[in-house]
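J.: no sequence on this one, just coordinates:
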């Protein structure tokens with residue numbers, strides 16, 4: 001990695017698994033063909049020939065090969081992927097924080113696309129999609145059985161083209177079609193404001209190409225409003241990750257210069273590297289985007305908010321600030337995406353995204369399939385957790401890389417099923433769905449209010465289920 005690898009990748013917008021990606025642009029000697037398993041390759045060629053000659057319909061040779069590559073890579077882990085011409089173009093566009101689509105932050109629930117939040121001002125927002133809506137069909141294709149990437153691919157397309165979504169709204173127990181015209185979506189990855197006099201809120205929703213510059217500009221504006229900020233909350237909830245240099249830069253904004261932020265380790269030499277809080281590890285084209293930030297940012301009392309949707313690059317930031325005792329981490333145990341994907345172009349229009357390393361926090365912790373355990377556990381609302389137990393984490397994904405000393409967590413699976421049954425029972429009794437969670441950054445945002453209480457030295461309402469989760473937390477710290 002190091003100087004040879006430049007960071008240039010990002011997972012599709014809204015995919016909660018997160019991404020930590022580097023780009024390998026030059027061929028290396030190691031890429032020369034290794035000894036090949038000839039017998040198996042002969043079988044592959046035989047199958048190719050049989051399909052080509054005997055299948056009921058004529059098949060496209062290029063598509064057969066592309067599908068074979070896709071299947072080979074998909075069998076490795078949930079984050080390795082073959083990019084064909086279209087998906088590679090979309091991948092590169094997404095690093096700039098813009099893409100052509102409908103404009104939703106999304107997840108998956110029961111095999112369906114779940115609208116986490118429509119992006120403000122987007123076609124989906126204007127069409128009236130709401131958080132919690134389930135998309136059951138995309139045009140004529142049923143969503144059930146599609147992967148996240150396949151669903152994203154079908155919702156994206158060319159500008160000014162239409163896509164028809166079939167939406168199931170639990171709150172109204174009905175399905176209905178929505179026709180949306182695709183357009184270019186520009187994602188604002190950093191939001192900031194003075195939440196209360198003397199106390200600032202900075203939210204990073206993804207680590208994109210412009211995130212560090214936007215972060216520096218927003219924080220600079222906050223300090224112009226109040227040069228004597230008493231405390232700050234860095235909100236990384238539902239941040240699925242993104243660019244590695246962005247995670248290093250945001251960490252460096254709060255840490256002493258040259259301390260370790262994250263290290264990576266894998267099979268090849270380039271995958272073994274250490275990244276520090278220094279411009280040489282995150283600055284592009286020689287310019288340090290953090291140079292304008294006030295020195296006070298290095299010492300301002302800091303809380304980092306995380307939840308089960310905080311993944312990859314956001315976990316790097318939380319882990320670095322936690323290990324260096326620079327911030328109090330509050331919220332819920334994070335997603336546990338502790339692997340690095342390297343994107344290696346195969347041609348001018350295709351590429352391979354392949355997992356090449358695990359990453360480690362400054363103290364040497366691997367968070368793969370574990371996540372970052374908060375210093376203070378918080379519930380989603382004052383009444384407790386509503387949706388937390390239902391959220392998927394890395395350890396729940398099929399074929400995920402195993403973490404250190406990972407054991408099958410039957411207790412977590414059982415808790416998720418019990419929470420689902422309880423939620424369905426409550427809905428059946430009340431005939432009303434649970435209230436959606438308040439918008440992040442609002443006055444009704446319960447975890448955020450607790451974070452500011454922590455900064456002010458006021459009482460904090462800790463999680464009502466923290467005792468139940470203690471065993472899981474202790475296991476993740478080992």
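T.: The structure has been received and is ready for your questions. Bear in mind the structure is a predicted one, so any value in this text is a computation, not a measurement.

J.: Can you verify my assumption that residue 202 contacts residue 222?
T.: Yes. Using Cβ atoms under 8 Å, residue 202 makes contact with residue 222 at a distance of 7.5 Å. In short, each C-beta sits where N, CA and C put it, glycine included.

J.: Need the residues touching each of these two.
T.: With contacts taken as Cβ atoms under 8 Å, 6 or more residues apart in numbering, residue 202 and residue 222 have residue 192 as neighbours in common.

J.: Find the least confident helix or strand in the chain, judged by mean pLDDT.
T.: Least confident helix or strand of the chain, by mean pLDDT, DSSP states H and E, is helix 470-477 with a mean of 47.

J.: which ones are touching residue 354?
T.: By Cβ under 8 Å, 6+ apart, the contact set of residue 354 is 73, 76, 80, 341, 342, 344.

J.: which one of these has the most neighbours?
T.: Per-residue neighbour counts (other Cβ atoms under 10 Å) across the contacts of residue 354 peak at residue 342, which has 24 neighbours.

J.: Averaged pLDDT, the helix or strand hosting that residue. What do you get?
T.: Under the criterion of DSSP states H and E, residue 342 resides in strand 339-345. For strand 339-345, mean pLDDT rounds to 89.

J.: Would you state the helices of the stretch 101-250 of the chain in chain order?
T.: Secondary structure of the stretch 101-250 of the chain (DSSP state H, counting those that start in this stretch): helices at 123-126, 148-155, 211-225, 244-254.

J.: Equivalent analysis for the stretch 301-450 of the chain, please.
T.: 313-323, 410-430, 446-456.

J.: Comparing these by mean pLDDT, which bottoms out?
T.: Across these, helix 410-430 has the smallest mean pLDDT, namely a mean of 64.

J.: hey, which strand is longest across this protein?
T.: Secondary structure assigned by DSSP state E gives strand 351-360 as the longest strand of the chain.

J.: Run through the residues that contact the residue lying closest to residue 135 once chain neighbours are set aside.
T.: Spatially, and ignoring its direct neighbours in sequence, residue 135 is nearest to residue 113 (4.0 Å; Cβ to Cβ, 6 or more residues apart in numbering). In this structure, residue 113 makes contact with 106, 107, 134, 135, 138, 143, 151, 155, judged by Cβ under 8 Å, 6+ apart.

J.: Could you report the pLDDT at residue 113?
T.: 91.

J.: pLDDT of the longest strand of the chain, averaged?
T.: The model assigns strand 351-360 a mean pLDDT of 92.

J.: how many degrees apart are that strand and helix 244-254 in direction?
T.: If you take axes from the mean of the first three to the mean of the last three Cα atoms, to 10 degrees, strand 351-360 sits at 30 degrees to helix 244-254.

J.: Off-centre distance for strand 351-360?
T.: Relative to its parent chain, strand 351-360 has a centroid offset of 15 Å by Cα atoms, centre = their mean, to the nearest Å.

J.: where are the low-confidence patches of the stretch 1-150 of the chain?
T.: 1-34, 93-97, 120 (pLDDT under 70).

J.: quick one: the strands in it?
T.: Ranges of strands in the stretch 1-150 of the chain, per DSSP state E, counting those that start in this stretch, are 19-23, 81-83, 98-101, 104-109, 112-118, 134-138, 141-142.

J.: got TSV for those, with distance to residue 304 too?
T.: As requested, the strands of the stretch 1-150 of the chain are exported to TSV (distance: least, Cβ to Cβ, whole Å):
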stretch	distance to residue 304
strand 19-23	18
strand 81-83	30
strand 98-101	27
strand 104-109	20
strand 112-118	20
strand 134-138	31
strand 141-142	39
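
J.: most packed of these?
T.: Across the strands of the stretch 1-150 of the chain, averaging neighbours per residue (mean count of other Cβ atoms under 10 Å) puts strand 19-23 on top, at a mean of 26.

J.: Break the protein down into its domains, please.
T.: Under the assignment automatic domain parsing, the domains of the chain span 100-186, 190-337+361-477.

J.: got the angle between the strand holding residue 342 and helix 244-254?
T.: Here the directions of strand 339-345 and helix 244-254 differ by 130 degrees (the same axes, to 10 degrees).

J.: Would you format the contacts of residue 113 as CSV with distance to residue 382 included?
T.: Putting the contacts of residue 113 into CSV (distance: Cβ to Cβ, whole Å) gives the following:
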residue, distance to residue 382
106, 27
107, 24
134, 27
135, 31
138, 37
143, 34
151, 34
155, 35
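
J.: which one of those is nearest residue 450?
T.: Nearest to residue 450 out of the contacts of residue 113 is residue 107 (Cβ to Cβ; 24.0 Å).

J.: Thought residue 114 was touching the closest one, still the case?
T.: Yes. Judged on Cβ under 8 Å, residue 107 makes contact with residue 114 at a distance of 4.8 Å.

J.: Give me the common contacts of the two.
T.: By Cβ under 8 Å, 6+ apart, residue 107 and residue 114 have no common neighbours.

J.: how far does stretch 299-307 sit from the chain's center?
T.: Per Cα atoms, centre = their mean, the centroid offset for stretch 299-307 relative to its chain is 19 Å.

J.: So what touches that stretch?
T.: Contacts of stretch 299-307 (Cβ under 8 Å, 6+ apart): 229-238, 254, 314-315, 317-318, 321-322, 326-332, 334, 372, 374, 380, 388, 391, 447-448, 451-452, 454-455.

J.: try stretch 325-332
T.: For stretch 325-332, using Cβ under 8 Å, 6+ apart, the contacting residues are 234, 237, 254-255, 302-308, 310, 318, 320-322, 372, 374-378, 388, 447, 450-451, 454, 463.

J.: Just the buried ones out of those, please.
T.: 234, 237, 254-255, 302-308, 310, 318, 320-322, 372, 374, 376-378, 388, 447, 450-451, 454, 463 (16 or more other Cβ atoms under 10 Å).

J.: can you name the two of the contacts of residue 113 that are farthest apart?
T.: Within the contacts of residue 113, two members stand farthest from each other by Cβ to Cβ: 107 and 138, at 15.4 Å.

J.: Please identify which of the strands of the stretch 1-150 of the chain is closest to residue 52.
T.: Among the strands of the stretch 1-150 of the chain, strand 81-83 comes nearest to residue 52, with 20.4 Å by Cβ to Cβ.

J.: Tell me which strands that closest one pairs with, and in which orientation.
T.: Using DSSP bridges, strand 81-83 pairs in its sheet with strand 351-360 (antiparallel).

J.: angle of the strand it pairs with against helix 313-323?
T.: 20 degrees.

J.: Please tell me how far residue 260 sits from residue 303.
T.: As judged by Cβ to Cβ, to the nearest Å, residue 260 and residue 303 stand 22 Å apart.

J.: so what's residue 55 up against?
T.: Per Cβ under 8 Å, 6+ apart, neighbours of residue 55: none.

J.: What of the one 10 residues further on?
T.: Under the criterion of Cβ under 8 Å, 6+ apart, the neighbours of residue 65 are residue 48.

J.: So it versus residue 384, what's the distance?
T.: For residue 65, the distance to residue 384 - Cβ to Cβ - is 52 Å.

J.: Could you do residue 346 as well?
T.: Residue 346 sits 49 Å away from residue 384, going by Cβ to Cβ.

J.: same question, residue 306
T.: 18 Å.
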